[in-house]
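S.K.: quick one, structure for this:
(chains A and B)
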There are 2 protein chains.
Amino acid sequence: MQTLRVELGSRSYPIHIGDQLIGRGELYSPYVRGNRVAVVTNVTVAPLYLERTAQALAAGGAEVVRIVLPDGEAYKNWETLNVVYDRLLETRCDRQTTLVALGGGVIGDLAGFAAATYQRGIAFVQVPTTLLAQVDSSVGGKTAINHPRGKNMIGAFHQPLAVLADIGTLATLPLRELRAGLAEVIKHGLVRDFEFFEWIETNIERLIAREPEVLAHAVRRSCEIKAEIVALDEREEGPRALLNFGHTFGHAIETGAGYGVWLHGEAVAAGMAMAASLSHRLGGPSEADVGRILGLLGRAGLPVSAPGISPQRFLELMSVDKKAAAGRMRFVVLERLGSAAIRSDVPSSVLDETLDRAARA
Amino acid sequence: MQTLRVELGSRSYPIHIGDQLIGRGELYSPYVRGNRVAVVTNVTVAPLYLERTAQALAAGGAEVVRIVLPDGEAYKNWETLNVVYDRLLETRCDRQTTLVALGGGVIGDLAGFAAATYQRGIAFVQVPTTLLAQVDSSVGGKTAINHPRGKNMIGAFHQPLAVLADIGTLATLPLRELRAGLAEVIKHGLVRDFEFFEWIETNIERLIAREPEVLAHAVRRSCEIKAEIVALDEREEGPRALLNFGHTFGHAIETGAGYGVWLHGEAVAAGMAMAASLSHRLGGPSEADVGRILGLLGRAGLPVSAPGISPQRFLELMSVDKKAAAGRMRFVVLERLGSAAIRSDVPSSVLDETLDRAARA
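M.R.: Numbering: from 1, shown residues only, chains lettered A, B, ... in the order given. Predicted coordinates for the structure are as follows:
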């Protein structure tokens, strides 16, 4: 097991990375104060990992409340959130209760938002069981649900007390979800670490083959990059926005297609391809480097375009994106492989060209 | 105008108290960053104060989005919150938007929770227009909505950037609401400041007659007491709980009667009478001092009992109260007039006696 820390003063917390962590009671016990722990998971993850988690928690003496939700982005909404609130209230969970989010990004976001808002905030621990959640969404305290008008429109910053990234859970992950998680791994290399990008190029087939040591390195380096940026800018008022590379286009794709049609990582992959193309038009990476990005995404089995969404529709979808500052669109662009920047001066013509090109892809 | 500060490090903010503040644009302009400001108010307050507020904001160049909600505690729920989210999204309010909460405690709590959760948190300014909101709910960053199973069960701590307490708005306040606000003023004296309690005893008729200077003093001293306690304990992990004197019984009364039947301050008054009786049984204030409390509440025109709620029903209602720690009930009790403490060792027999006595009142 390796342990990193997210340095946020009084809200600092550890990220434990290793194999077979979810059954280790001593990793949870420092974070359980009351006599109840609520585990929030979904119908897919529950048969695989809920009992092992519950037993580890019960070994510490806590009564375990199990909350099993339907699976999928389409359920990351108010109705499902209310199921969590109802169960917490029914079982008399109080402000001392710790909530454990056991699952992928949807569970982490929704259960994290429940923890942020139940009785004005209770403690929670992230136990991510997908690659996407382990390398990205479980770290940094962003929690949210979707609104019919936009993804993650309702949410809060609420840091976990700890993250347990159990590499063992990736063995049961559907291949499509493994690939989707790799999109965020590639993103970390692109925006912050050229050497890591090259390491991914070298190891992409071993990642897809799920070699445990290779996966562990990808998770660890991604968490290091993310932890470093979150420590600089917890509430995304500055450099943290760089982690949204590909996400403005990606969110438009997810919303335009309807929640749950694309996986988040797939939409981010296509969004990164579009953002790379935009970056090249603005004098950033060379055409050859854009080709390298598309090549790597392709080898990871990820989409590099979003057919079926017209340029006009993209513009509509992006203008209500929460990253739109004061009515002007801000874009995360690459300066080169391994380095990103924020631009709010993208000419309409360059954006239009990028969208036209994507529509014809 | 007088200005106090709530000292919370990087989240410190001013409370301005005075007459005719809501029309003064320079009091808002330091807190407006984007090109839009959303004012959230209700159908009762809107005809009285919305245009004056909107004009003051528009003078600074911001586009003003007006969001007018139904009036009453019964609307402090998810459906109304969603009306706010919908309007913010429709009008393309973004993370730079400042939200102004113009109204009483319900508006402050609900609009504050909207600000806490819209796009993971936007800036907000409290403009309380009731005595209760000016002396209590607008200060300290507690925001929430109700859940069918309990009051304020869903919420967040989200500090405003400023509070503008305009004493002028109290001129239009219905007498019943003025009286309800006095309950929290009396509470501040009881838990923290015996001299202030005596000052209220001396001035209660002048407060009810709405003499501006007397009201301004009551608001100012209440805000000082609250600001001091909030600065010590922002998230209610310690002494801030003392401000819940009367609230455990009070919340049970509100929930038991159904939201909106009792005003919050009325329920707190009856709750304080019960808590005073409990405190006496535990060796706190003398019977004569309990009589002084009931006498003052009576002169303020406030209820001192909650007929119609049986002891058994009280117990049911209180056990899901969010102040119930780890399944044991905690009570804020008076040690004497002007000093409170938290007790989690109240014998069942003493609680039962208190509830029996209240049921027979």
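S.K.: contacts, neighbours, all on C-alpha from now
M.R.: Will do.
S.K.: remind me which residues of the stretch 251-361 of chain A are low pLDDT?
M.R.: Confidence mapping of the stretch 251-361 of chain A against pLDDT under 70 gives the ranges A:320-327.
S.K.: quick check: closest non-adjacent residue to the residue nearest the centre of chain A.
M.R.: What sits nearest the mean C-alpha location of chain A, by Cα atoms, centre = their mean, is residue A:137, with 2.8 Å. In space, and not counting its chain neighbours, residue A:137 is closest to residue A:105: 5.7 Å by Cα to Cα, 6 or more residues apart in numbering or on different chains.
S.K.: residue ranges of the strands in the stretch 1-150 of chain A, please?
M.R.: Applying DSSP state E, counting those that start in this stretch to the stretch 1-150 of chain A gives strands spanning A:2-6, A:13-18, A:36-42, A:63-69, A:98-103, A:123-128, A:142-147, A:150-157.
S.K.: in the first one, which residues are buried?
M.R.: Same thing as strand A:2-6. A:5-6 (16 or more other Cα atoms under 10 Å in any protein chain shown).
S.K.: mind giving me the packing neighbours of that strand?
M.R.: Packing partners of strand A:2-6 (3 or more Cα pairs under 8 Å, 6 or more residues apart in numbering or on different chains; DSSP states H and E): strand A:13-18, helix A:212-232.
S.K.: and these as JSON lines, adding distance to chain B, mean neighbour count and mean pLDDT?
M.R.: JSON lines is the format used below for the helices and strands packed on strand A:2-6 (distance: least, Cα to the nearest Cα, whole Å; neighbours: other Cα atoms under 10 Å in any protein chain shown; pLDDT from 0 to 100):
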{"stretch": "strand A:13-18", "distance to chain B": "19", "mean neighbour count": "21", "mean pLDDT": "98"}
{"stretch": "helix A:212-232", "distance to chain B": "15", "mean neighbour count": "20", "mean pLDDT": "97"}
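S.K.: need the ones you listed in a markdown table with distance to residue B:163, can you?
M.R.: Shown next, in a markdown table, are these (distance: least, Cα to Cα, whole Å):
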| stretch | distance to residue B:163 |
| --- | --- |
| strand A:13-18 | 33 |
| helix A:212-232 | 30 |
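S.K.: out of these, flag the one nearest residue B:282.
M.R.: Set against residue B:282 and scored by Cα to Cα, the helices and strands packed on strand A:2-6 come closest in strand A:13-18, at 42.1 Å.
S.K.: hmm, who's touching that closest one?
M.R.: Residues from elsewhere that reach strand A:13-18 (Cα atoms under 8 Å, 6 or more residues apart in numbering or on different chains): A:1-7, A:160-168, A:216, A:219-220.
S.K.: mind doing that once more with 6 Å?
M.R.: With contact meaning Cα atoms under 6 Å, 6 or more residues apart in numbering or on different chains, strand A:13-18 is reached by A:1-6, A:161-167.
S.K.: one more: stretch A:46-61?
M.R.: For stretch A:46-61, the surrounding residues in contact (Cα under 6 Å, 6+ apart) are A:22-25.
S.K.: please compute how far that stretch lies from its chain's middle.
M.R.: 24 Å (Cα atoms, centre = their mean, to the nearest Å).
S.K.: list the buried ones in it?
M.R.: For stretch A:46-61, the neighbour count (16+ other Cα under 10 Å) marks A:46, A:49-50, A:52-58 as buried.
S.K.: closest to residue A:351 out of those residues?
M.R.: So of the buried residues of stretch A:46-61, ranked by how close each gets to residue A:351 (Cα to Cα), first place is residue A:46, at 43.7 Å.
S.K.: just the pLDDT for that closest one.
M.R.: What the model reports for residue A:46 is a pLDDT of 98.
S.K.: same thing with the one 4 residues further on?
M.R.: If you check residue A:50, the pLDDT there is 98.
S.K.: any idea how far residue A:112 is from residue A:155?
M.R.: The spacing between residue A:155 and residue A:112, counted by Cα to Cα, to the nearest Å, is 9 Å.
S.K.: tell me which of those two has more neighbours.
M.R.: Neighbour count, other Cα atoms under 10 Å in any protein chain shown: between residue A:155 and residue A:112, residue A:112 has more, with 34 against 25.
S.K.: residue A:141 is in contact with that one, correct?
M.R.: No. Here residue A:112 lies out of contact with residue A:141, judged by Cα atoms under 6 Å, at a distance of 7.9 Å.
S.K.: from the buried residues of stretch A:46-61, which is closest to residue A:253?
M.R.: Of the buried residues of stretch A:46-61, the one sitting nearest to residue A:253 (Cα to Cα) turns out to be residue A:46, at 29.5 Å.
S.K.: quick revisit: list residues touching both of residue A:155 and residue A:112?
M.R.: Joint contacts of residue A:155 and residue A:112 (Cα under 6 Å, 6+ apart) are residue A:143.
S.K.: among the contacts of stretch A:46-61, who's most crowded?
M.R.: Highest neighbour count within the contacts of stretch A:46-61, by other Cα under 10 Å: residue A:22, with 27 neighbours.
S.K.: check what pLDDT that residue gets.
M.R.: 97.
S.K.: give the contact list for it.
M.R.: Contacts of residue A:22 (Cα under 6 Å, 6+ apart): residue A:53.
S.K.: now it: how far from chain B?
M.R.: According to Cα to the nearest Cα, to the nearest Å, residue A:22 and chain B sit 25 Å apart.
S.K.: if I look at the spatially closest residue to residue A:8 that is not a sequence neighbour, how far off is residue A:225?
M.R.: Spatially, and ignoring its direct neighbours in sequence, residue A:8 is nearest to residue A:231 (5.7 Å; Cα to Cα, 6+ apart). Counting by Cα to Cα, the gap from residue A:231 to residue A:225 is 10 Å.
S.K.: repeat for residue A:262
M.R.: In this view, residue A:262 and residue A:225 are 26 Å apart by Cα to Cα.
S.K.: what does residue A:54 give?
M.R.: Taken as Cα to Cα, the span from residue A:54 to residue A:225 is 31 Å.
S.K.: what's the answer for residue A:37, then?
M.R.: Residue A:37 sits 31 Å away from residue A:225, taking Cα to Cα as the criterion.
S.K.: contacts only, for the residue in the stretch 1-150 of chain A that chain B sits nearest to.
M.R.: The nearest approach of the stretch 1-150 of chain A to chain B comes at residue A:120, 4.0 Å away (Cα to the nearest Cα). Residues near residue A:120 by Cα under 6 Å, 6+ apart: B:155-156.
S.K.: can you check the pLDDT for it?
M.R.: So, for residue A:120, pLDDT stands at 97.
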